[in-house]
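Asks: what shape does this take:
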Amino acid sequence: MCTNLRNMVRLPAPGVVIRQAGSGSPWERLACGILDKSGIRLDRFDYRPDTWSLVYVLRGRGSFCIPPGQPRPLAAGDCFVRRPGMVHSTVLDPGSGWCEAFIGIGPHLSTALHAAGWLCAGPPAWTWGLQADRVRRFTQLRSALRMVADNGLPAVAAIAFSLMIEALASAPAEPSVDILDRASVLLDGDVPLAPAQVATRVGIGYESFRRRFRERFGQSPAAWGRERRIDRACSLLTGTALSIATIALRLGYANPNAFTNRFTAVLGTNPSRYRQQGGGR
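Replies: You can find the predicted model right below:
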């Protein structure tokens, strides 16, 4: 074991336990561990995880970043989450002796907990505070996961969920308007994302995201995104010399025909005629 002198918290020995949850995908699992990443600088770069995990920093310094945002500094006592499909990077100070505890769950489990509203914390990184009792609970969870028989896994999972939810509850809530503004930018980005992907990026459950988006903007995320794509298409047709095929590709359509059909269905005229008429219909 090692000691964090600043907080006088004894850190457990590194080690990871992974237990399969069911007989399906190997990603359907429950995991808990302590990882010593001393000497590592680039921990994850543009990482798109398949599983959900909570990371609790026990020692060291680093940063967490979801592109194109600014890096969020990390230190002992901070938490961050890795959500399925959420592209992010973690960079560590290799001389800071980074050590972390984590809990990981498979995509089916995380989807169910999201639907229940239990994994819908605001920011993906926040300060929980380094406490000896919390470190001990991670260690106890790891031991229980190692020793329990298969028929006892649900009880251990409940302990893991309780610890996860307690950590998430300590995160400051983000105002709904901020989440929805971020969502609208992602739906209208250079590479438009599907509504389910946007919900994952902003950290709320899909059904809750659809309901809150409709309340705010008066239409579903999918319908809003389609309208924004047509608006951008109009601007590109009248303000640039880009070909129809290039515009279709830039806006994320599968091919020029799909773009033309959608454009015509919405505006009653095809992209070429719209351009020739300078935006007239």
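Asks: now the helix or strand harbouring Met164, how far from the centre of its chain.
Replies: For Met164, the host element (DSSP states H and E) is helix 153-169. Remark: helix 153-169 is offset 19 Å from the chain centroid, using Cα atoms, centre = their mean, to the nearest Å.
Asks: run the chain-centre distance for the following helix or strand past that helix.
Replies: Downstream of helix 153-169, the next assigned helix or strand under DSSP H and E is helix 176-187. Averaged C-alpha coordinates place helix 176-187 at 14 Å from its chain's average position (Cα atoms, centre = their mean).
Asks: please save the CA atoms from the helix or strand following helix 176-187 in CSV.
Replies: From helix 176-187 onward toward the C-terminus, using DSSP H and E, the following helix or strand is helix 195-202. Output of helix 195-202 as CSV, limited to C-alpha atoms (Å, rounded to 0.1, in the frame of the first residue of the first chain):
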residue,chain,number,x,y,z
PRO,A,195,-30.5,12.2,-31.2
ALA,A,196,-29.5,9.1,-29.2
GLN,A,197,-25.8,10.0,-29.6
VAL,A,198,-26.6,13.6,-28.5
ALA,A,199,-28.3,12.3,-25.4
THR,A,200,-25.2,10.3,-24.5
ARG,A,201,-22.9,13.3,-25.1
VAL,A,202,-24.9,15.6,-22.8
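Asks: for Leu113, give me its contacts.
Replies: Applying Cβ atoms under 8 Å, 6 or more residues apart in numbering to Leu113 gives the contacts 105, 119, 161. Every residue, glycine included, has its C-beta placed from N, CA and C.
Asks: so what's the second one closest to, chain neighbours aside?
Replies: In other words, Leu119. Spatial nearest neighbour of Leu119, excluding adjacent residues (Cβ to Cβ, 6 or more residues apart in numbering): Leu113 at 4.6 Å.
Asks: one more: the first one?
Replies: By the measure of Cβ to Cβ, 6+ apart, the closest residue to Ile105 outside its immediate chain neighbours is Trp52, 5.3 Å from it.
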